[in-house]
Structures are given as C-alpha cells and as structure tokens.
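1. With the input below, show me the fold.
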Amino acid sequence: FGKGIHFCLGAPLARLEVRIAMEILIERYSDIRVRDDVPVNLWNPWAMIGANRLPIEVRRA
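-> The predicted structure is shown next:
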C-alpha cells in the first residue's frame with residue numbers, strides 16, 4: 001500500500017475487507033487446498049511475489 005506521502009488512503013479499509021472475507025471463508029469451508037494438478041500462474045516474480053491465478057479446492061464445513 002506504499003509508504004510515506006504515497007501511502008494509500010484506502011489501505012485500512014482494504015485490510016478490513018480482506019480480514020472479514022478470510023474469516024468467512026475459513027468459517028464456511030473446512031478444507032482449503034491449492035490444487036496440484038493445475039499450474040500456478042505467477043505475476044512478475046522479479047518485481048513482486050504474487051499470483052495471477054491460484055487454483056484452489058474447497059470443501060464445505
């Protein structure tokens with residue numbers, strides 16, 4: 001989200017949204033795994049570690 005003068009004003013809201021979404025996801029699904037039969041599509045690993053596509057498999061709680 002940046003630093004100093006370039007800090008994103010929406011960062012606290014974005015973090016709160018992610019926290020709420022993750023809590024709901026973990027509450028609803030008992031088993032969350034990254035699929036090993038489909039490759040992960042990485043996003044420019046030289047600049048920042050991330051994934052464009054992360055195939056997952058979930059099971060209801």
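2. which stretches of this protein form helices?
-> Using DSSP state H, the helices of the chain run over 11-28.
3. which residues sit in contact with the residue nearest the centre of it?
-> In the chain, the C-alpha nearest the mean C-alpha coordinate belongs to residue 18, at 8.0 Å (C-alpha atoms, centre = their mean). The contact partners of residue 18, by C-beta atoms under 8 Å, 6 or more residues apart in numbering, come to none. Placement of C-beta: from N, CA and C, glycine included.
4. ditto for residue 61
-> Contacts of residue 61 by C-beta under 8 Å, 6+ apart are 27-30.
5. if we can go back for a sec, quick one: the residue nearest to the centre of the chain from residue 30, how far?
-> 21 Å (C-beta to C-beta, to the nearest Å).
6. now do residue 11
-> Relative to residue 30, and taking C-beta to C-beta, residue 11 is found at 31 Å.
7. Residue 15 now?
-> Relative to residue 30, and taking C-beta to C-beta, residue 15 is found at 25 Å.
8. cool, and residue 51?
-> Residue 51 is 23 Å from residue 30, where distance means C-beta to C-beta.
9. do residue 13 as well
-> Taking C-beta to C-beta, one finds residue 13 at 29 Å from residue 30.
10. now residue 44
-> 34 Å.
11. Might one say that residue 51 is in contact with residue 42?
-> Yes. Counting by C-beta atoms under 8 Å, residue 51 does reach residue 42; the two are 5.8 Å apart.
12. Next, show the common contact partners of these two.
-> If you check residue 51 and residue 42 against C-beta under 8 Å, 6+ apart, no residue is contacted by both.
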